[in-house]
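Novice: need the 3D shape of this:
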Amino acid sequence: MKLNRKLRMGMVGGGRGAFIGAVHRMAARLDGEIDLVAGCFSADPAKSKASGADFFLAPDRVYPTYQAMVTAESALPADQRIDFVSIVTRNNTHFAVAKAFLEAGIHVVCDKPLCFTLKEGRKLRDIVRKTGCVFALTHNYTGYPMVKEARDWVRTGKLGKILKVVAEYPQGYAISALETASDGKISNWRMDPAVAGASNCMGDIGTHAHNLVRYITGLEIDEICAELSTFIPGRPLDDDGNCLIRFGGGAKGILYASQVSSGEENNLNIRVFGTKGSLQWFQENPNELIWKKADAPQQIYRRGNSYLGAAAQANTRTPFAHPEAFIEAFANVYRAAATAIADKVGGRKAPKDGYDFPTIDDGVAGLAFIESAVKSSRRGAKWVKFPKV
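Specialist: Model (predicted):
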């Protein structure tokens, strides 16, 4: 960070009772480079006002609507208005909120998925390119040091040619709904297609698995065959899904996501198999990266050690033997985005190799994954071509 001040952050959504809003605020504050100074924290003006008071914000910087926030913040002097906004609202609002701030020249950090539909995502990408604003998408699992180490292994050829990728994101929290959902009520907004979009499980957590594959391996999907299932009665969207994947270049993949896998908590994991060896990483044990070869015992690489590559070390916050996890990974995304925003504000060119955070392009690819998986499933688990993104 090269400014002589902190970046000023606004937030839309994330008020009282919102889990992910608190995570974003903690992550943004962790490095002492960002201050939350304004926000519209709820579609309910009274709740927004109360939430702003919880965060000790000036009452005149707490807004009843995001539209009022855009208008008021844009009218402030350059040394007072927000530098960027963090959007932590529901899926169906991302496009409109991001569009309004981008067109006002305000940089954006947005929760995933990018938008409600792929069509919206492509439109938003055009707006980002036209405005020149920084746009970061919080696929936070890319922020883990050992995920960055895994990416370096693939890039430097340690694994050889990639043959197969297996990514899993099992959760079991929804299994109890099988006992209580017979009345047909929707207790989770992610199960409401008017709010969540075309998919629940694959859209909510399957996209994390897809993004992790794409980030580590650099592989793009060529074709996908998916079966999405709804085991909980009365719910219109999927709570489980299985995908077979053909990547460009010949590699094959398996991706499964589930919210009815009994006993699982948040077990996102990935295994990448190449001609020289393989890697394994598990989000529930994120400080370790496993290396395997056919003719040698497995090795375990641990976060915080000097034998790791530059990217892993640069995103490590504590010495070895002191574990890091979810909030720190989230903060690494914010820190990288903050560097890009500070460079924009300071009139500096981006570094030659760019910045290491998920972008609008990653968001569009994620929406293409969701829509392709849904299309395949609706066709009876037929293979479908992945659209150009």
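
Novice: now do the helices in the protein.
Specialist: Secondary structure of the chain by DSSP state H: the helices cover 19-29, 45-54, 66-75, 94-103, 118-131, 145-155, 193-196, 201, 207-217, 310-314, 326-345, 360-378.

Novice: tell me the most buried of the ones you listed?
Specialist: Of all the helices of the chain, helix 201 carries the top mean neighbour count, a mean of 26, counting by mean count of other C-beta atoms under 10 Å. Bear in mind the C-beta positions are built from the backbone N, C-alpha and C, glycine included.

Novice: returning to that earlier point: make TSV from the helices of the chain and add mean pLDDT to it.
Specialist: As requested, the helices of the chain are exported to TSV (pLDDT from 0 to 100):
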stretch	mean pLDDT
helix 19-29	95
helix 45-54	97
helix 66-75	98
helix 94-103	98
helix 118-131	98
helix 145-155	98
helix 193-196	94
helix 201	97
helix 207-217	98
helix 310-314	96
helix 326-345	96
helix 360-378	98
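
Novice: quick one, which of those is nearest to Ser262?
Specialist: helix 201 (14.8 Å; C-beta to C-beta).

Novice: what does the closest one contact?
Specialist: Helix 201 has contacts (C-beta atoms under 8 Å, 6 or more residues apart in numbering) with Leu228, Leu237, Asp238, Asp239, Asp240, Gly241, Ala257, Ser258, Gln259.

Novice: so which of the residues you listed would you say is closest to Pro77?
Specialist: Taking C-beta to C-beta as the measure, Pro77 sits nearest to Leu237 out of the contacts of helix 201, at 45.6 Å.

Novice: my guess is the closest one contacts Asn200, does it?
Specialist: Yes: under the criterion of C-beta atoms under 8 Å, Leu237 makes contact with Asn200 at 3.8 Å.

Novice: and those two? Which one has more around it.
Specialist: The residue with more neighbours, out of Leu237 and Asn200 and counting by other C-beta atoms under 10 Å, is Asn200; that gives 30 against 23.

Novice: give the contact list for the more buried one.
Specialist: Asn200 sits next to Asn188, Arg190, Met191, Arg235, Leu237, Asp238, Asp239, Gln259 when contact means C-beta under 8 Å, 6+ apart.

Novice: anything in contact with each of Leu237 and Asn200?
Specialist: Shared between the contact lists of Leu237 and Asn200 (criterion: C-beta under 8 Å, 6+ apart) are residues Arg190, Met191.

Novice: and Met191, what's its pLDDT?
Specialist: Looking at Met191, its pLDDT stands at 88.

Novice: ok, now which ones touch it?
Specialist: Asn200, Arg235, Pro236, Leu237, Asp239.

Novice: quick check: phi and psi on the second one?
Specialist: Spelled out, it's Arg235. Geometry field for Arg235 lists phi and psi as phi -110, psi 130, criterion degrees, to the nearest 10.

Novice: and it, what pLDDT?
Specialist: For Arg235, the pLDDT comes out at 89.

Novice: neighbours of it, just the number please.
Specialist: Applying the criterion other C-beta under 10 Å, we find 22 residues in the vicinity of Arg235.

Novice: would you turn the contacts of Met191 into CSV with distance to Tyr141?
Specialist: Below are the contacts of Met191 laid out as CSV (distance: C-beta to C-beta, whole Å):
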residue, distance to Tyr141
Asn200, 19
Arg235, 26
Pro236, 28
Leu237, 23
Asp239, 21
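
Novice: quick one: which of these is nearest to Leu212?
Specialist: Asn200 (19.1 Å).

Novice: the closest one and Ala373, how far apart?
Specialist: Using C-beta to C-beta, to the nearest Å, we find Asn200 at a distance of 12 Å from Ala373.

Novice: re the thing from before, the contacts of helix 201 into CSV, with extra columns for distance to Arg61?
Specialist: Listed next are these as CSV, based on distance: C-beta to C-beta, whole Å:
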residue, distance to Arg61
Leu228, 43
Leu237, 37
Asp238, 40
Asp239, 40
Asp240, 43
Gly241, 42
Ala257, 39
Ser258, 42
Gln259, 37
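
Novice: top of those by neighbour count?
Specialist: Within those, Ala257 tops the neighbour count with 31 neighbours, counted by other C-beta under 10 Å.
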